[in-house]
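1. Build me a model:
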Amino acid sequence: MPGILDGKVALITGAGSGIGRATSAIFAREGARLVLADVVEKGGHETLRMVKELGADAIFVRTDVSKSKDVEAVVAKAWRLSNTSTAHSTMPESEGRGG
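-> Model (predicted):
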């Protein structure tokens, strides 16, 4: 049975822990393609590994939401992902700040 988010792309900030991590897991189970954003790389990579184990198509982008340049970059990546068939067709699984 398809999830309620099949075919959707979700950008989740604070994905490295707490509510952001829990939201990432729920969205992954519901079929969303995920762009995980967090300033803490270790937590972001842990969440990325977790959602991939749940079967999600996902990337992690280190993002400091207090910096407009970082926010613009992660939103651009999410936009590109929404226009491709998989996260890995246009970008590596994990990208650094603004990269």
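2. For Glu41, which non-adjacent residue is closest in space?
-> In space, and not counting its chain neighbours, Glu41 is closest to Arg62: 5.3 Å by CB to CB, 6 or more residues apart in numbering. C-betas here are computed from N, CA, C, even on glycine.
3. and the one you found, backbone torsions?
-> Main-chain torsions, Arg62, degrees, to the nearest 10: phi -60, psi 120.
4. Quick check: it vs Leu81, distance?
-> For Arg62, the distance to Leu81 under the criterion CB to CB, to the nearest Å works out to 16 Å.
5. what ranges do the strands span in the chain?
-> 9-13, 33-38, 58-62, 94-95 (DSSP state E).
6. looking at the ones you listed, which is closest to Ala73?
-> strand 58-62 (7.3 Å; CB to CB).
7. Can you give the distance of that closest one from its chain's centre?
-> For strand 58-62, the distance from its own C-alpha centre to the chain's C-alpha centre is 5 Å (CA atoms, centre = their mean, to the nearest Å).
8. Can you name every helix or strand that it contacts?
-> Applying 3 or more CB pairs under 8 Å, 6 or more residues apart in numbering; DSSP states H and E, we find strand 58-62 packed against strand 33-38, helix 41-53, helix 68-82, strand 94-95.
9. Send me it as PDB with only the CA atoms.
-> Only the C-alpha atoms of strand 58-62 are listed here, as PDB (Å, rounded to 0.1, in the frame of the first residue of the first chain):
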ATOM      1  CA  ALA A  58      17.200  10.800   0.900                       C
ATOM      2  CA  ILE A  59      20.200  13.200   1.100                       C
ATOM      3  CA  PHE A  60      21.700  15.200   4.000                       C
ATOM      4  CA  VAL A  61      22.800  18.800   3.600                       C
ATOM      5  CA  ARG A  62      24.600  20.500   6.400                       C
END
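10. what is the orientation angle of that strand with helix 41-53?
-> Interaxial angle, strand 58-62 versus helix 41-53 (axes from the mean of the first three to the mean of the last three CA atoms, to 10 degrees): 170 degrees.
11. For strand 58-62, which strands pair with it and how are they oriented?
-> According to DSSP bridges, strand 58-62 forms sheet pairs with strand 33-38 (parallel), strand 94-95 (parallel).
12. Alright, calling it a day.
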